[in-house]
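Undergrad: need a 3D model of the sequence below.
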Amino acid sequence: MRNLEKQQKLEGFSLFELIVTMGILLILSIIVFPIATQKAQQTRLDTYASELVTDLYFQQQQSTMRNESRGVLIESNGYTLFDGESSAEAIEKDIRSYPNNIRISSVSFSMGNEVLFPEGNFKPSSFGTLIISDGTFAVQVYINKEGLIGYERL
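TA: Next up is the predicted model:
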């Protein structure tokens, strides 16, 4: 008899409570999902910019320490690291490509689309900015005439 009384006292959630809970979860997901997606896209673009800045910095340091000319050739779908006086005369090349939806645009360097660090020199022979974009978000990468390299969101 005691078992019957205990079973009758146990109650679950009502249909109304379940519908209200599901509605709250749905509203939260509608609000949070687009924000999370935007943050993920911005972070991915920041990662591509950071990789380019790191590679520019690496070429700069290698030029200074090894007393070799090194540079970076900027293209719309990626960039190429090279050893030598220019990308055409390069001894070694390392091509870095971006996915189809990521583009480099607005390349405005003082000497075309190459950044060259002359033999043993910290300062680049070419300086300026470029923009990495996915169509929605953009990041500007810069290198000044003193050799300072960085990036910032636009």
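
Undergrad: helices and strands around the top helix by length along the chain, which ones?
TA: Longest helix in the chain by number of residues (criterion: DSSP state H): helix 15-66. Based on contacts counted as 3 or more C-beta pairs under 8 Å, 6 or more residues apart in numbering; DSSP states H and E, the elements that helix 15-66 packs against are strand 70-75, strand 78-83, strand 92-97, strand 114-117, strand 128-133, strand 138-143, strand 149-153. For the C-beta atoms, the positions are set from N, CA and C on the backbone; glycine is no exception.

Undergrad: quick one: average pLDDT of it?
TA: For helix 15-66, the per-residue pLDDT values average out at 93.

Undergrad: got it, and stretch 117-132?
TA: Taken as a whole, stretch 117-132 carries a mean pLDDT of 92.

Undergrad: other residues contacting it?
TA: Applying C-beta atoms under 8 Å, 6 or more residues apart in numbering, the contact partners of stretch 117-132 are 45, 48-49, 52, 59-60, 63-64, 67-71, 74, 98, 102-112, 114-116, 138-147, 154.

Undergrad: and the longest helix of the chain with strand 70-75, angle?
TA: Calculated by axes from the mean of the first three to the mean of the last three C-alpha atoms, to 10 degrees, helix 15-66 forms an angle of 140 degrees with strand 70-75.

Undergrad: start the count at 12 instead of 1 going forward.
TA: Got it, first residue is 12 now, which makes that one helix 26-77.

Undergrad: buried only: go through the contacts of stretch 128-143 for me.
TA: Among the contacts of stretch 128-143, those classed as buried by neighbour count (16 or more other C-beta atoms under 10 Å) are 56, 59-60, 63, 70-71, 74-75, 79-82, 85, 109, 113-115, 118, 120, 125-127, 149-154, 158.

Undergrad: measure the residue lying closest to residue 149 once chain neighbours are set aside to residue 117 for me?
TA: Nearest residue to residue 149, sequence neighbours excluded (C-beta to C-beta, 6 or more residues apart in numbering): residue 165, at 4.3 Å. If you measure residue 165 against residue 117 using C-beta to C-beta, to the nearest Å, the figure is 10 Å.

Undergrad: what sits against residue 52?
TA: With contacts taken as C-beta under 8 Å, 6+ apart, residue 52 has the following neighbours: 145, 147-148.

Undergrad: any idea how far the nearest residue to residue 103 once chain neighbours are set aside lies from residue 81?
TA: Residue nearest to residue 103 in three dimensions, not counting chain neighbours: residue 94, with 4.6 Å by C-beta to C-beta, 6+ apart. Residue 94 is 6 Å from residue 81, where distance means C-beta to C-beta.
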